[in-house]
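K.L.:
Pasting the sequence and the predicted coordinates here, then a few questions.
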Amino acid sequence: AQSVTQLDSHVSVSEGTPVLLRCNYSSSYSPSLFWYVQHPNKGLQLLLKYTSAATLVKGINGFEAEFKKSETSFHLTKPSAHMSDSAEYFCVVRSSNFGNEKLTFGTGTRLTIIP
Amino acid sequence: ETGVTQTPRHLVMGMTNKKSLKCEQHLGHNAMYWYKQSAKKPLELMFVYNFKEQTENNSVPSRFSPECPNSSHLFLHLHTLQPEDSALYLCASSQKLALSSYEQYFGPGTRLTVT
């Protein structure tokens, strides 16, 4: 079975302070992991991805995430929040077993940046 | 914005109407997807097309009928929908390989309201 748990449905931080969005996963196979962002009335935009290379992944807009196999986590961080970071964030796990792919989305975390 | 366009962006239809959603990708990808995004629920994969052939149908009701005339275009034909079908419908595309695929790119979505 494969699953994704985003531990917080809402996160609020002040502008200029660090951001932490938590994601835990389970997968029977070596997974690939992604973070997507969705601004209001927009589609999902890829922030970053982990595909079995370096465990610390850097993405766009200053975001990064660390794959920790022992903790089955892939938390998203940013050192200093900007107002434009207010959006919905989705953690996604993908596993592939002999060409049969399965993609599972988390329920999302709404990030609000406070001026 | 992401190479995947969707029309219309907003659609209001009655339960007896017939309408179609259109998706076009300009990325040269060979796989296309329809997703349903409802409030407070994870993204639901509806259909997958790989090289114009439907490879996945996740128990979607027959009132939703997909069509993929070529690798760049994907349609979702709608007929006798129910109010609970109101949602954001997202199209995505990716480059699919024999045993895996690259990340998916999403369109901005069509906000569907069934009255």
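P.N.:
The structure has been received and is ready for your questions.

K.L.:
Just the pLDDT for residue B:1.
P.N.:
We have a pLDDT of 48 for residue B:1.

K.L.:
Residue A:97 now?
P.N.:
67.

K.L.:
Which of the helices and strands in chain A ranks last by mean pLDDT?
P.N.:
In chain A, no helix or strand scores lower on mean pLDDT, DSSP states H and E than strand A:100-105, which sits at a mean of 80.

K.L.:
now for that one, which elements pack on it?
P.N.:
strand A:3-6, strand A:87-97 (3 or more Cβ pairs under 8 Å, 6 or more residues apart in numbering or on different chains; DSSP states H and E). Backbone N, C-alpha and C define where each C-beta goes, glycine included.

K.L.:
Can you tell me what sits against the first one?
P.N.:
The reference is to strand A:3-6. Here strand A:3-6 makes contact (Cβ atoms under 8 Å, 6 or more residues apart in numbering or on different chains) with A:21-26, A:89-93, A:104-109, B:42.

K.L.:
so who does the nearest residue to residue A:19 once chain neighbours are set aside touch?
P.N.:
Counting by Cβ to Cβ, 6 or more residues apart in numbering or on different chains, residue A:19 lies nearest to residue A:78, which is 4.2 Å off, once chain neighbours are set aside. The contact partners of residue A:78, by Cβ under 8 Å, 6+ apart, come to A:18, A:19, A:61, A:62, A:63, A:64, A:85.

K.L.:
OK, contacts around the fourth one?
P.N.:
Okay, so that is residue A:62. Residue A:62 neighbours (Cβ under 8 Å, 6+ apart): A:78, A:79, A:80.

K.L.:
What of residue A:32?
P.N.:
Residue A:32 is in contact with A:49, A:50, A:51, A:52, A:93, A:94, A:95, A:96, counting by Cβ under 8 Å, 6+ apart.

K.L.:
now, which of those sits nearest residue A:30?
P.N.:
residue A:52 (6.2 Å; Cβ to Cβ).

K.L.:
re earlier: which parts of the least confident helix or strand of chain A are buried?
P.N.:
Buried residues in strand A:100-105, counted by 16 or more other Cβ atoms under 10 Å in any protein chain shown: A:101, A:102, A:103, A:104, A:105.

K.L.:
Stretch B:58-68 now?
P.N.:
Neighbour-count burial for stretch B:58-68 flags B:60, B:64, B:66, B:68 (criterion: 16+ other Cβ under 10 Å).

K.L.:
In space, what's closest to residue A:12 - neighbours in sequence excluded?
P.N.:
Leaving aside its chain neighbours, residue A:12 sits nearest to residue A:112 (4.5 Å; criterion: Cβ to Cβ, 6+ apart).

K.L.:
Please list all residues in contact with the one you found.
P.N.:
By Cβ under 8 Å, 6+ apart, the contact list for residue A:112 reads A:10, A:11, A:12, A:13, A:86.

K.L.:
which residues of chain A fall in strands?
P.N.:
In chain A, the strands defined using DSSP state E lie at A:3-6, A:10-14, A:19-21, A:23-26, A:32-38, A:44-50, A:56-58, A:64-68, A:73-78, A:87-97, A:100-105, A:109-114.
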